[in-house]
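Novice: Predicted model follows, preceded by the sequence.
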Amino acid sequence: MAIKYFYISDYFLGCFWDAVRTGNFSIRLALLVLFSHHFPLSGRTEPTVSGWDTFGFVAVAIFFAISGFIMPQSYDSAGNFIAFMAKRFRRIFPGLIVCCFLMVYVIGAIFTETSILAYFLIASSCAPS
């Protein structure tokens with residue numbers, strides 16, 4: 001009978017990955033990025049984490065670190081590069097298309113300084129001045 005050693009770090013790492021898998025952790029990081037973005041948008045100085053960098057930067061760095069662990073696992077489970085890219089495309093592009101549609105046709109139409117008709121019909125009215 002083999003003895004399995006239990007380390008406290010294994011426990012905390014398991015809890016961390018459970019939070020990542022359930023989405024709670026990612027939602028909190030996304031909210032941290034939004035929190036960070038509201039300071040420059042409101043004309044205030046953005047606070048830093050222990051004088052190191054902004055909350056948004058820290059959240060994005062954690063996103064990239066998590067991605068560094070998850071992406072190789074996803075690639076291994078896909079079997080080959082084409083299947084992996086097809087999975088990535090199916091995961092990313094629907095949300096990207098919806099986001100672009102909402103930003104251009106809904107948010108842009110709400111906040112344009114020109115008339116709605118000019119916004120949709122004249123290409124130069126959409127470009128920043």
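Specialist: Cool, the structure landed.

Novice: what bits of this protein have low per-residue confidence?
Specialist: Counting by pLDDT under 70, the ranges of the chain that qualify are 1-23, 123-129.

Novice: one more time with 50
Specialist: 1-9, 12 (pLDDT under 50).

Novice: And the chain, what are its domain boundaries?
Specialist: For the chain, automatic domain parsing gives the domain ranges 1-78, 90-129.

Novice: Let's have the ones you listed in CSV, adding distance to F84.
Specialist: Using the backbone N, CA and C atoms, a C-beta is placed for each residue, glycine as well. Compiled in CSV, these are given as follows (distance: least, Cβ to Cβ, whole Å):
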stretch, distance to F84
domain 1-78, 4
domain 90-129, 11
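
Novice: With mean neighbour count as extra columns, can I get these in a markdown table?
Specialist: As requested, those are arranged in a markdown table below (neighbours: other Cβ atoms under 10 Å):
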| stretch | mean neighbour count |
| --- | --- |
| domain 1-78 | 12 |
| domain 90-129 | 11 |
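
Novice: list the helices and strands the strand or helix carrying I97 packs on?
Specialist: Using DSSP states H and E, I97 maps to helix 81-101. Applying 3 or more Cβ pairs under 8 Å, 6 or more residues apart in numbering; DSSP states H and E, one finds that helix 81-101 contacts helix 55-78.

Novice: Just want the angle from the helix holding I97 to helix 55-78.
Specialist: 140 degrees (axes from the mean of the first three to the mean of the last three Cα atoms, to 10 degrees).

Novice: got the CA coordinates for helix 81-101 in PDB?
Specialist: Extracted in PDB, the C-alpha atoms of helix 81-101 (Å, rounded to 0.1, in the frame of the first residue of the first chain):
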ATOM      1  CA  PHE A  81      -3.500  21.500 -34.300                       C
ATOM      2  CA  ILE A  82      -6.500  21.800 -36.700                       C
ATOM      3  CA  ALA A  83      -9.000  20.400 -34.200                       C
ATOM      4  CA  PHE A  84      -7.500  22.700 -31.500                       C
ATOM      5  CA  MET A  85      -7.900  25.800 -33.700                       C
ATOM      6  CA  ALA A  86     -11.400  24.800 -34.700                       C
ATOM      7  CA  LYS A  87     -12.300  24.500 -31.000                       C
ATOM      8  CA  ARG A  88     -10.700  27.900 -30.300                       C
ATOM      9  CA  PHE A  89     -12.600  29.500 -33.200                       C
ATOM     10  CA  ARG A  90     -15.900  28.100 -32.100                       C
ATOM     11  CA  ARG A  91     -15.300  29.300 -28.600                       C
ATOM     12  CA  ILE A  92     -14.000  32.900 -29.300                       C
ATOM     13  CA  PHE A  93     -15.700  34.100 -32.500                       C
ATOM     14  CA  PRO A  94     -19.400  33.900 -31.500                       C
ATOM     15  CA  GLY A  95     -18.800  36.200 -28.500                       C
ATOM     16  CA  LEU A  96     -16.500  38.400 -30.600                       C
ATOM     17  CA  ILE A  97     -19.100  38.900 -33.300                       C
ATOM     18  CA  VAL A  98     -21.900  39.700 -30.800                       C
ATOM     19  CA  CYS A  99     -19.600  42.100 -29.000                       C
ATOM     20  CA  CYS A 100     -18.600  43.900 -32.200                       C
ATOM     21  CA  PHE A 101     -22.200  44.100 -33.300                       C
END
